[in-house]
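A.B. asks: Kindly return the folded structure for what I paste below:
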Amino acid sequence: MTAVADTRVAPHARGSAKDLAGTGTLLRLALRRDRIMMPVWVLCLGLTGSSTVGRLKSAYDTPGKRASLAHDMNGNGSARALFGTAFDDSLGALTVWRVGGFLTVFAAIMSVLIVIRHTREEEETGRQEALSACMVGRRAGLTSALLAVTIANGAVTVLIAASLAGQGGAGALALGLAVGLTGMAFGGLAAVAAQVTENARLARGLSCAVVGIAFVLRMAGDAAEDGSKGSGHLLVWLSPLGWAEYARPYADERWWPLLLITVLSAASIALAYSLAGRRDVGASFYAGRPGPPAAGPLLKGVYGLGWRLQRGALLGWAAGFVFAGAIFGGISNGADDFLGDSDQTRKIIQRMGGAQGLNDAFLASMVGVLGTVLTVYTASAVVRLRGEETDQRAEPLLSNAVSRLRWAGSHLVVAFLGPVVVLAVGGFALALGYGLAADDLVDQFPRILGATLAQIPALWVLTSLTLFLVGVVPKYSAAAWGFVGWVVALGWMGPALKVSEPIMNTSPFSHLPKLPGEHVTAAPFVWLLLLSAVLAAGGLVGLRRRDIGG
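C.D. replies: Residues are numbered from 1 along each chain as shown. Next up, the predicted model:
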């Protein structure tokens, strides 16, 4: 069937205009499919800055307080790693310092999700092949995806620039362009990943790994050097997120770092276009290797098959958490030493990590970052169950002597135990890095590792919620990603924006003690585990009663 589709598309490849035939129709389809997700992303990213200005103005109502805040935060590597460098003490500059780094990360994630959904996922499901049999150009699908992500990032840019124009037009435009262009750069990289990988899950994983590496490089570079006093650290310059930071909105803007992001965006998009014209629809440059002639012992059962399907993602996440944990542990020591008599500085750190000492509060905030980021893995592990169903790979298994619960269990064992493994290795690296930096490995190692593992009940709630959606309302199982985004946004930006307690409590992580340092009681852990059990049971009951593929 692929060969037939390629035969009909081939004549269009002779001219660039014919390559793009049908782009407008595919773009309208993409925008319709994203009619809810995309506006939510745009509004959240575009209006975060303006809401932050008001909160900063009320909390730091004099130039002296704002100058003290910028000086205090730039004086410690731990604070710089978390928020970035404050290049000036104006309201606009402090707004960029507080949320600018997070906005660029979320714009990158938004772009990755949009591009992969409308490129590799379309090919994986077979829809692109069916469309290619019609009057659709070879590169129309890629072009429509890139146009959709351009519209999203353009809207974010305009909204940020308009909402912050009152603080200075040049700074508002610089921040808007930094966020929007960063989103486009990672969208272009995601388009490349969609060409070289064989499935959407791997393309998303690689693209998000690039975002994670860029974020860790930015953190490590800012922790090592105060960028406001020189040209900046090499590690920050190695990260596209660092280029956005060093554009310095509201602090004598430097426009040329934005040119670097533009060049990366254009180069990655050009590479994606080149690769798209050199492969068949549905094919990839790095296809999976053929398996051995005979199945190994693990593949003789349904649980072995589930492990085979899930192991790549688990190992990738574990490796990433070892790297991130080691970096976070190394930069966390010393937070208690920098201007601890500054009440405003202490409040900022403690809102994220608890009312204990600043070292423990910063560690707790790093533990929270690891926990909330891991929600992406937990949701994807359960959604894989739905993917096996919609791709019609579940029915052949269930037609044999395999019950629905056994089939579901083969994925859910990894979905529930996988986060334990990833948190364990990440907590090990975090505890080891901090213990060595603080020269107190014996005392610090068990308490930090325990604090990391304490995130498990909250993660299991999200795992069970995703299972409930897959089992009871499979048509809306993608809504799990909305809750993942909500939880991550609250965890990263909620404390900085002083989001009210009722809204923060919609995240299961808000109900856990901020460890290490806070007093521990069994109640929140018990209630979260009970909620997880109830949701999981409801999801399994729904899965047993509904039609497979329905």
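
A.B. asks: Now Ala172: which helix or strand?
C.D. replies: Assigning secondary structure by DSSP states H and E places Ala172 in helix 169-196.

A.B. asks: immediately after that helix, which helix or strand?
C.D. replies: Downstream of helix 169-196, the first helix or strand assigned by DSSP H and E is helix 200-224.

A.B. asks: For whatever helix or strand comes next after that following helix, the averaged confidence score.
C.D. replies: Using DSSP H and E, the helix or strand that follows helix 200-224 in sequence is helix 234-237. Averaged across helix 234-237, pLDDT comes to 90.

A.B. asks: which secondary structure elements does helix 234-237 contact?
C.D. replies: helix 200-224, helix 240-245 (3 or more CB pairs under 8 Å, 6 or more residues apart in numbering; DSSP states H and E). C-beta here means a position set from N, CA and C on the backbone, and glycine is covered the same way.

A.B. asks: Correct me if wrong: Ala193 contacts Thr119.
C.D. replies: No - in this structure Ala193 lies outside contact range of Thr119 using CB atoms under 8 Å: 9.2 Å.

A.B. asks: Need the overlap of contacts for those two.
C.D. replies: Counting by CB atoms under 8 Å, 6 or more residues apart in numbering, the shared contacts of Ala193 and Thr119 are Ala203.

A.B. asks: how near is Ser50 to Leu103?
C.D. replies: Between Ser50 and Leu103 the computed distance is 12 Å (CB to CB, to the nearest Å).

A.B. asks: and these two? which has more neighbours close in?
C.D. replies: When neighbours are counted by other CB atoms under 10 Å, Leu103 comes out ahead of the other of Ser50 and Leu103, with 27 against 18.

A.B. asks: Apart from its chain neighbours, what residue comes closest to the more buried one?
C.D. replies: Val179 (4.8 Å; CB to CB, 6 or more residues apart in numbering).

A.B. asks: which ones are touching that neighbour?
C.D. replies: Taking CB under 8 Å, 6+ apart, we find Val179 in contact with 45, 100, 103-104, 107, 153, 156-157, 160, 244.

A.B. asks: at 6 Å what do you get?
C.D. replies: Applying CB atoms under 6 Å, 6 or more residues apart in numbering, we find Val179 in contact with 103-104, 107, 156.

A.B. asks: Name the member of those that has the highest neighbour count.
C.D. replies: Counting neighbours by other CB under 10 Å, Thr104 comes out on top of these with 33 neighbours.

A.B. asks: Thr372 reaches Ala489, doesn't it?
C.D. replies: No - in this structure Thr372 lies outside contact range of Ala489 using CB atoms under 6 Å: 9.0 Å.

A.B. asks: between those two, which one's more packed in?
C.D. replies: Thr372 (22 against 19).

A.B. asks: Apart from its chain neighbours, what residue comes closest to that one?
C.D. replies: Leaving aside its chain neighbours, Thr372 sits nearest to Gly491 (3.7 Å; criterion: CB to CB, 6+ apart).

A.B. asks: Can you report how many residues lie near Ile114?
C.D. replies: Taking other CB under 10 Å as the criterion, the count of residues near Ile114 is 27.

A.B. asks: what separates the helix or strand that it is a member of from the chain centre, distance-wise?
C.D. replies: Assigning secondary structure by DSSP H and E places Ile114 in helix 101-118. On the basis of CA atoms, centre = their mean, to the nearest Å, the separation between the geometric centre of helix 101-118 and that of its chain is 8 Å.

A.B. asks: what's that helix packed up against?
C.D. replies: Counting contacts by 3 or more CB pairs under 6 Å, 6 or more residues apart in numbering; DSSP states H and E, the secondary-structure elements packed against helix 101-118 are helix 37-59, helix 140-163, helix 169-196, helix 200-224.

A.B. asks: helix/strand/coil for Phe87?
C.D. replies: Taken by DSSP: H, G, I helix; E, B strand; the rest coil, the conformation at Phe87 corresponds to coil.

A.B. asks: quick one, phi/psi of it?
C.D. replies: Torsion angles at Phe87 (phi, psi; degrees, to the nearest 10) stand at phi -90, psi -10.

A.B. asks: That one: what's it in contact with?
C.D. replies: If you count contacts by CB under 6 Å, 6+ apart, then Phe87 has 93, 228, 248, 251 around it.

A.B. asks: Least reliable of the helices and strands packed on helix 234-237 by average pLDDT, please.
C.D. replies: Going by mean pLDDT, the lowest-scoring of the helices and strands packed on helix 234-237 is helix 200-224, which has a mean of 85.

A.B. asks: Could you pull out the buried residues of that one?
C.D. replies: Of all the residues in helix 200-224, those buried under the rule 16 or more other CB atoms under 10 Å are 200-208, 210-224.
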